[in-house]
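Novice: task: produce atomic coordinates for the following.
(chains A, B and C)
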Amino acid sequence: MAALPKDMVRTAVAAGMSARAEVAAPAQFKTGDAVLARNINPPGHTRLPRYIRGKRGVVQCNHGGFVFADTRAHGQGDQPHYVYNVRFEARELWGADASPHDAVYIDLWEPYIERAP
Amino acid sequence: MSDGHSHTEPPSTPALRIKALESLLVEKGVVDAGAVDEIIDVFENRIGPRNGAKVVARAWTDPAYKARLLIDGSQAIAELGFTGMQGEDMVVLENTPKVHNVVVCTLCSCYPWPTLGLPPTWYKAAPYRSRVVIEPRKVLAEFGVHVPPDIEVRVWDSNAEIRYMVLPMRPAGTEGWDEDRLAGLVTRDSMIGVGQPKAAA
Amino acid sequence: MNGIHDLGGMQGFGPIVREDDEPVFHAEWERHVFAVAMLALGGAGIQVDEMRHAIERMPAADYLTTTYYEHWLHACETLLLEKGVITAGELDRRVADLAKTEGV
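Specialist: Coordinates of the predicted model:
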C-alpha cells in the first residue's frame, strides 16, 4: 500500500470519497409514503438508531443510491441501496408530552424500512 | 486504555501511543511524514466555518444562488470552491419564520467539514447527541435560542452520508450590505442550528 | 449494534458543556491521531464504516470516559492490528522504547 504523499493531500481532501452508488432495482418507496422503521437489532454495524425502530414516519425524498454501511463495515461489499429521508413526528417518537410541532428527520437505507399498515 | 493483560509499568498515554504508532507506520511506508503535517495544516488552518459563512452570505444576496443551493447543496457549495471529505453530498436547510432546523449526529460526529471545518467537542459528546433529538427546545434555550411554541423545530440526524448545513435567516437592518460584511455576521453555531447570526451592529 | 454509542433519546447526561473559542485540536497528540487516522486508514484500504464500528466496539465504560480522539486512537490501533498492518508485539515494543527514551 502506497502512502499518500504530501503534495497529494489537498487534492485528496478536496476530492473526498462520495458513498453514492448506482442501484439497479427500482425504488420501493416514494415521497409521501408512510413507512415503519423496522425492528432490527443487528449485532454488527448499523446506522438505524434504536429511538427510530418500530416508529412510523413519512418519506420526504429519495436521495438516490449509496453504499450500505451495514455491509461495508464488515467487508461484505458495497451492496448499495436507496437512501430515503424520513420525517418522524416528535410525538410519535417520544409520546404525548412532546411538542406537536416538532419532528426528527433521518436518512434511512431501504432495508431499514417497510410499508406502514 | 485496557488491553486485557496485566502491567507492572504505568499505563501508556495517548501521546506516547500515537508517537509509537506513527513512527511504525512511517517506517513501513504506510504513512508519509510530510503528509501528516500537511493534513493537520489543512484542517487546523485552511478549512473552517468562514467557508460556510461565504455560502450563507451569497445565498442572502443572490436569490438565484439561494434557489440552486436549496435544490442541490453539493453543486452550489462547489461553485464557491468548497468540496470534499465529509461534504460530498450536502443538503442545505433553510430556516424560515415558521421552521427552525438543527443538526446532530446521534451515533457519532458526522458534520459537513468543507463548509464548517471539524466539529466542536460539544457536538461530538454524549449530552448534545442524546438530548437534542428528544428535547430540542430545551437544548436550544441552553444555547440562547428561544423558539416560540408555534414554530416547528426540525432536528436532522446525520446518520447516513448526507451532510447537513443550516441556512439561517438574514438579520434585519442589513439592506445593501456586501457579501463580506454579511459573512461576518454568520456564526458557526447558526449553521448548525444552535445559534442565530449576529445582529447588524 | 445496540451499543453505548447509540445515544439518541438517552437521558441523564447533563448540560452541554461548551468551551469558548475552542481550538480545533487541544494537544499535539490529537493532531497526530487525526492525521494518522486519515492517512493510515485510507492507505490501508479501511473504510469509514469500519472505523465507526471499531469505536462502537469499545467497552461501554471506556467509550463514555475517554475523549473523542482517544476513540479515534483506539479505532486506529484496533483496525491496523486486525488487518495485520502492525503486530501487537511491535507496537508494545515501540511504546516501551519511546517511554524509556522520551520520558513521555
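Novice: every contact and neighbour count from this point should use C-alpha atoms.
Specialist: OK.
Novice: can you give me how far the helix or strand hosting A:Q60 is from the chain middle?
Specialist: Counting by DSSP states H and E, the secondary-structure element that holds A:Q60 is strand A:56-66. Centroid separation for strand A:56-66 versus its chain: 8 Å, with CA atoms, centre = their mean, to the nearest Å.
Novice: after it, next one along is what?
Specialist: Heading C-terminal from strand A:56-66 (DSSP H and E), you reach helix A:69-72.
Novice: give me the nearest residue to A:H74, chain neighbours excluded.
Specialist: The spatially closest residue to A:H74, leaving aside those adjacent along the chain, is C:E50, at 6.9 Å (CA to CA, 6 or more residues apart in numbering or on different chains).
Novice: check contacts around that neighbour.
Specialist: Counting by CA atoms under 8 Å, 6 or more residues apart in numbering or on different chains, C:E50 touches A:R72, A:A73, A:H74, C:L79.
Novice: what of A:A21?
Specialist: A:G65, A:F66, A:V67, A:P80.
Novice: give me the contact list for the biggest helix by length in chain A.
Specialist: The residue-count maximum for a helix in chain A (DSSP state H) belongs to helix A:9-15. Taking CA under 8 Å, 6+ apart as the criterion, the residues outside helix A:9-15 that touch it are B:A35, B:E38, B:I39, B:V42, B:F82, B:T83, B:G84, B:M85.
Novice: pull the CA atoms of that helix into PDB?
Specialist: Extracted as PDB, the C-alpha positions of helix A:9-15 are listed here (Å, rounded to 0.1, in the frame of the first residue of the first chain):
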ATOM      1  CA  VAL A   9      -3.100  15.700   0.400                       C
ATOM      2  CA  ARG A  10      -5.000  18.800  -0.600                       C
ATOM      3  CA  THR A  11      -6.300  17.200  -3.800                       C
ATOM      4  CA  ALA A  12      -7.400  14.100  -1.900                       C
ATOM      5  CA  VAL A  13      -9.200  16.200   0.800                       C
ATOM      6  CA  ALA A  14     -10.900  18.300  -1.900                       C
ATOM      7  CA  ALA A  15     -12.000  15.300  -3.900                       C
END
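Novice: what's near enough to touch B:R163?
Specialist: Residues B:Q86, B:G87, B:E88, B:D89, B:M90, B:V91, B:C110, B:Y111, B:P112 are the ones in contact with B:R163 under the rule CA under 8 Å, 6+ apart.
Novice: ditto for A:Y84
Specialist: For A:Y84, the contacting residues are A:V59, A:Q60, A:C61, A:N62, A:H63, A:G64, A:D107, A:L108, A:W109, A:E110, by CA under 8 Å, 6+ apart.
Novice: nearest to chain C: which residue in chain B?
Specialist: Residue nearest to chain C within chain B: B:S130 (4.3 Å; CA to the nearest CA).
Novice: distance of that residue from chain A?
Specialist: Using CA to the nearest CA, to the nearest Å, B:S130 is found at 10 Å from chain A.
Novice: burial check on that residue, number of neighbours?
Specialist: Close neighbours of B:S130, defined as other CA atoms under 10 Å in any protein chain shown, add up to 24.
Novice: isn't it right up against C:G9?
Specialist: Yes - here B:S130 reaches C:G9: they are 5.0 Å apart, a contact under CA atoms under 8 Å.
Novice: can you pull out the low-pLDDT segments for the chain?
Specialist: You didn't pick a chain, so chain A it is. Segments of chain A classed as low confidence (criterion: pLDDT under 70) are A:1.
Novice: try again with chain C
Specialist: Along chain C, segments meeting pLDDT under 70 span C:103-104.
Novice: nearest to chain B: which residue in it?
Specialist: Taking CA to the nearest CA, chain C has C:G8 as its residue nearest chain B, at 4.3 Å.
Novice: brilliant, that's me finished.
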